[in-house]
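In: Show me how the following folds:
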Amino acid sequence: MSMRVEDTVIVRDGFPRPFPNIPSNALDQFQMTGKVVVVTGAADGIGLAVAEAMAGANATVAFWYNSNDAAVAKAEEIGKTYNVKTAAYKVDVSNASSVQSTIAAVVKDLGRIDVFVANAGMAISRPILEQTLAEFDKQMSVNVNGVVYCAKYAGEVFKRQGSGVLIITSSMSAHIVNVPVDQPIYNGSKAFVTHFGKSLAREWREFARVNIVSPGFFDTKMGASPLALNEAYRMAVLGRQGHVNEIKALYLYLASDASTFMTGSDILIDGGYCLP
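Out: Numbers count the residues shown, from 1 in each chain. The predicted model follows:
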């Protein structure tokens, strides 16, 4: 079907919107001075690396953790290293009231929330026929419910402020068919948050940006298990797992003014594991 140019002109009130006022120097765009960033699962692994990246860019950082109290000392150490304000909050993201009250505490303590990184996750590696329903509920409560709760209450702050950035940590398992066969619940939970994030990007288009990061195997406690290590090496084009230093700048990019024209994107960073 052919169309004339005049047939494609649709008038939208208030459009086009103005360009954001961001620095012309690309390196300056990555600076987070004056921004408050919350990172869940910040005690170790990718979450800790992301929190450090934000601090290195001069952000105020709230480290959210649950079972690993080492996050308190790490937050203090990183704050001193980069001469920025940091704070640690113990919160169970699978508990809605805990998430709601902790977000309120962060706003009270730090003034606002500019970026929320919903990174906390877990996996129980067991085929569905061997997995208990209690194990299913536990994974979904963190990987799905936890992201939904964080999005809901952080989103309320963003809407009130008129701005905000949500970054969701998903997984390469949401992209491929040849995923590890013993993680069906984990794989499904990550598929949920990937599409949930895309939906939020449209729902929140008036006041916030939402993007998703889908990591492959990284050398953390959530990386390839000993049984899956050789498979990770074989399938990844680069022949190894990733180091957390190779992903944290991606989160900084998505959090910063460098990515103001990006929303609803799902960025795969997997060393080529998902290539056909």
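In: helix/strand/coil for residue 63?
Out: Classification of residue 63 using DSSP: H, G, I helix; E, B strand; the rest coil returns strand.
In: What of residue 190?
Out: helix.
In: got the contact list for the residue nearest to it when sequence neighbours are not counted?
Out: Computed as CB to CB, 6 or more residues apart in numbering, the closest residue to residue 190 that is not its neighbour in sequence is residue 171, at 4.0 Å. Yep, even glycine has a C-beta here, placed from its N, CA and C like the rest. Under the criterion of CB atoms under 8 Å, 6 or more residues apart in numbering, the neighbours of residue 171 are 121, 186, 187, 190, 214, 215.
In: what ranges of the stretch 151-276 of the chain fall below the confidence cut-off?
Out: Low-confidence segments of the stretch 151-276 of the chain (pLDDT under 70): 177-182, 222-227.
In: That one: strands as residue ranges?
Out: 165-169, 209-215, 266-269 (DSSP state E, counting those that start in this stretch).
In: could you check the angle strand 209-215 makes with the first one?
Out: Compare the direction of strand 165-169 with that of strand 209-215 by axes from the mean of the first three to the mean of the last three CA atoms, to 10 degrees and you get 20 degrees.
In: So which elements touch strand 165-169?
Out: Here strand 165-169 touches strand 115-118, helix 146-161, helix 184-203, strand 209-215, helix 248-255, going by 3 or more CB pairs under 8 Å, 6 or more residues apart in numbering; DSSP states H and E.
In: One more: the last one?
Out: Using 3+ CB pairs under 8 Å, 6+ apart as the contact definition, the elements that strand 266-269 packs against are helix 184-203, strand 209-215, helix 248-255.
In: if we go to 7 Å?
Out: On a contact count with 3 or more CB pairs under 7 Å, 6 or more residues apart in numbering; DSSP states H and E, strand 266-269 meets strand 209-215.
In: same thing with the longest one?
Out: Other elements packing on strand 209-215 under the criterion 3+ CB pairs under 7 Å, 6+ apart are strand 165-169, helix 184-203, helix 248-255, strand 266-269.
In: which of the ones you listed sits most buried?
Out: strand 165-169 (a mean of 26; mean count of other CB atoms under 10 Å).
In: which residues sit against that one?
Out: By CB atoms under 7 Å, 6 or more residues apart in numbering, the residues outside strand 165-169 that reach it are 46, 114-119, 121, 147, 151, 154, 193, 197, 200, 208-213, 215, 251, 254-255.
In: orientation of that strand relative to helix 248-255 in degrees?
Out: 150 degrees.
In: partner strands of strand 165-169, parallel or antiparallel?
Out: strand 115-118 (parallel), strand 209-215 (parallel) (DSSP bridges).
In: rewinding a little: and the helices and strands packed on strand 165-169 as TSV, adding distance to residue 68?
Out: Output for the helices and strands packed on strand 165-169, formatted as TSV (distance: least, CB to CB, whole Å):
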stretch	distance to residue 68
strand 115-118	17
helix 146-161	16
helix 184-203	20
strand 209-215	19
helix 248-255	18
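In: Return the distance of stretch 75-83 from the chain's centre.
Out: 22 Å (CA atoms, centre = their mean, to the nearest Å).
In: Now do the contacts for residue 183.
Out: Counted by CB under 7 Å, 6+ apart, residue 183 has contacts 123, 125, 173.
In: Buried by neighbour count, from these: which ones?
Out: 123, 173 (16 or more other CB atoms under 10 Å).
In: circling back to that earlier point, of the contacts of residue 171, just say which sits nearest to residue 81.
Out: residue 215 (24.6 Å; CB to CB).
In: mind checking how far residue 69 is from residue 44?
Out: 12 Å (CB to CB, to the nearest Å).
In: Work out which residue lies at the spatial centre of the protein.
Out: residue 168 (2.9 Å; CA atoms, centre = their mean).
In: Regarding the closest residue to residue 186 other than its chain neighbours, what is its secondary structure?
Out: Spatial nearest neighbour of residue 186, excluding adjacent residues (CB to CB, 6+ apart): residue 123 at 4.2 Å. Three-state call for residue 123 (three-state DSSP): coil.
In: can you tell me how far residue 123 sits from residue 243?
Out: 20 Å.
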